[in-house]
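Task: produce atomic coordinates for the following.
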Amino acid sequence: MKQSPEKKHSRTKIIATLGPPSDSEEIMLQLIEAGVDVFRLNFSHGSHEEHLARIQKIRKINQEQGKTISILQDLQGPKIRTGMVEGGQVMLVEGQRVEISTRDQESTATHITTIYKPLPKDVRPGDAILLDDGKLELKVISTDGEVVQAEVVYGGLLKNKKGINLPNTPLSTPSLTEKDTIDLMFGLEHDVDWVALSFVRTATDMQLLKHLIRQKGKNTRVIAKIEKPEAITEENLNAIIEASDAVMVARGDLGVEVGIENVPTIQKKIVRKCALLAKPVIIATQIMETMMDNPRPTRAEVSDLANAVLDGADAVMLSGETAAGKYPVRVVETMETIILNAEQEDSIYGRNQDLKKEEGDSKKIYNDKIYDYKNDNNFVNNSLILSASRLATYIDAKAVVCMTSSGYTAFRLASHRPKTDIFVFTSNKDLLTQLNLLWGVRAFYYDKFVSTDQTFQDIQDILVEKGVVEKGDQIIQLASMPIEKKLRTNAIKLSQI
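This next block holds a predicted model:
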């Protein structure tokens, strides 16, 4: 029996962080209805027991409601903080001298403690030490490896456990800390879909994370959070994107570390690079910050969100807005409205459409990169996926439908931004929720694969039953032939329902 048409959600995916105001099953359902595609578990806060309860609720909703909501585990990384402050807060005055150490004592106006043990050995004279998201700034005068002598450049109130940023200082500690490793093992045990690593500096950080995941026999996908100066050098950034399954522009710490004036251009640069490599990119931090306490966003926030969509973001992420804010559901509803409006702009569709071949040459230009197509096993498959996206636009198809066991076709197809629905059919149950992070993608479970013709017809029948296509609609179907071998995409079929 054909189902009623579903509410149309934005193609750009919405990630919402769970916290006390949003982690009841009732509120989760409302958030999903409002437009949430991925729930983020922030392992900078909360116990394993609290996170497990959230995972179980998400899985229950997916099973009972037929949803494919994805779970993103966000590891804390080497977050550097001050310790407790005498009396809860202390005033640091511009020009005064202060000591910084790792002693187990409360901070005062003349002595600041930090939980980051290597700090006195990492910093050098002249280095900046930023406190509380850059609201306060110190300058290192000297260090003996145990105690740092510093001068207050910009003063203000210092409160308990505030973040420390060291924008000019290479950190000696790895991006994956001991706490992160323990948290990662917990996440893998409970089959999270994505793991985000904080403060990534080089591709080696992501390769180590992938190695640990493989050791546990899991296929969890990894996200590199870009928020350190080392990560945005041309060489490191390219290698990090190549080594990751997705990238997050973590604008909070990034803005403190590299200067807020540089964040917009860095954001655009990362989005462009990820698009060319078919890697999803997430824009995060202060997307709708005002709605922590107010029922409406500022005009600047609306423009920022819309521009992220227009630039080509695959997903946008809410942090405190849903984890601690007063209006978790309303903020998602507002976001969804803004995104849907931005997605009316034709310029966001048909991305990376150029494919050229020089006469008499064995090389082709694909996505602004030159490939030797005779020696590239993926080039033909990539070309076919590109052709499907272009054809969908030309004939105004209702949907592009693909079958995949690895997810490769879905990633590449989403990167081209066809102005159609993207439906993915897979026998890989892990992919059903993993792919929910990808722009415009919706996944269905299918495990028959008897013959090509029968599979094509089965898929059409399922789409009609779901109410997402109807008689007369044209769809483009991608598959591999022979279908039972589950090879890379090598066939394209234009069908009319």
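
center of this protein, which residue is that?
Ile282 (3.8 Å; CA atoms, centre = their mean).

Let's see the helix or strand hosting that residue as CSV, backbone CA atoms only.
Assigned by DSSP states H and E, Ile282 belongs to strand 281-284. Extracted C-alpha coordinates of strand 281-284, given in CSV (Å, rounded to 0.1, in the frame of the first residue of the first chain):
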residue,chain,number,x,y,z
VAL,A,281,32.1,18.9,5.1
ILE,A,282,30.4,20.1,8.3
ILE,A,283,30.2,23.7,9.4
ALA,A,284,30.1,24.1,13.2
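
Going by contacts, tell me the helices and strands next to that strand.
strand 246-250, helix 251-258, helix 263-276, strand 315-318 (3 or more CB pairs under 8 Å, 6 or more residues apart in numbering; DSSP states H and E). Backbone N, C-alpha and C define where each C-beta goes, glycine included.

Just the mean pLDDT for that strand, thanks.
The average of the pLDDT scores along strand 281-284 is 98.

just checking, the residue nearest to the centre of the chain touches Val316?
Yes. With contacts counted by CB atoms under 8 Å, Ile282 reaches Val316, the gap being 7.1 Å.

Doesn't Asp453 lie inside a helix?
Yes. Assessed with DSSP: H, G, I helix; E, B strand; the rest coil, Asp453 lies in a helix.

OK, contacts around it?
Listed by CB atoms under 8 Å, 6 or more residues apart in numbering, the contact set of Asp453 is empty.

Now for Ile282 and Val316: what residues contact both?
In contact with both Ile282 and Val316: Ile15, using CB under 8 Å, 6+ apart.

okay, the helices and strands packed on strand 281-284 in JSON lines with distance to Ile32 next?
Formatted as JSON lines, the helices and strands packed on strand 281-284 follow (distance: least, CB to CB, whole Å):
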{"stretch": "strand 246-250", "distance to Ile32": "21"}
{"stretch": "helix 251-258", "distance to Ile32": "25"}
{"stretch": "helix 263-276", "distance to Ile32": "26"}
{"stretch": "strand 315-318", "distance to Ile32": "14"}
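
quick one: Leu254 from Glu227, how far?
4 Å (CB to CB, to the nearest Å).

quick one, which of the helices and strands packed on strand 281-284 is nearest to Ala491?
Closest approach to Ala491 among these (CB to CB): helix 263-276, 25.3 Å.

show me where pLDDT drops low in this structure?
The chain contains residues with pLDDT under 70 at 1-6, 353-376, 450, 483-487.

how far out from the middle of the chain is the strand holding Ile282?
5 Å (CA atoms, centre = their mean, to the nearest Å).

how about the helices in the stretch 251-400 of the chain?
251-258, 263-276, 299-311, 320-323, 328-342, 379-395 (DSSP state H, counting those that start in this stretch).

Buried ones in the last one, by neighbour count?
Residues Phe379, Asn381, Asn382, Leu384, Ile385, Leu386, Ala388, Ser389, Leu391, Ala392, Thr393 are the ones in helix 379-395 that count as buried (16 or more other CB atoms under 10 Å).
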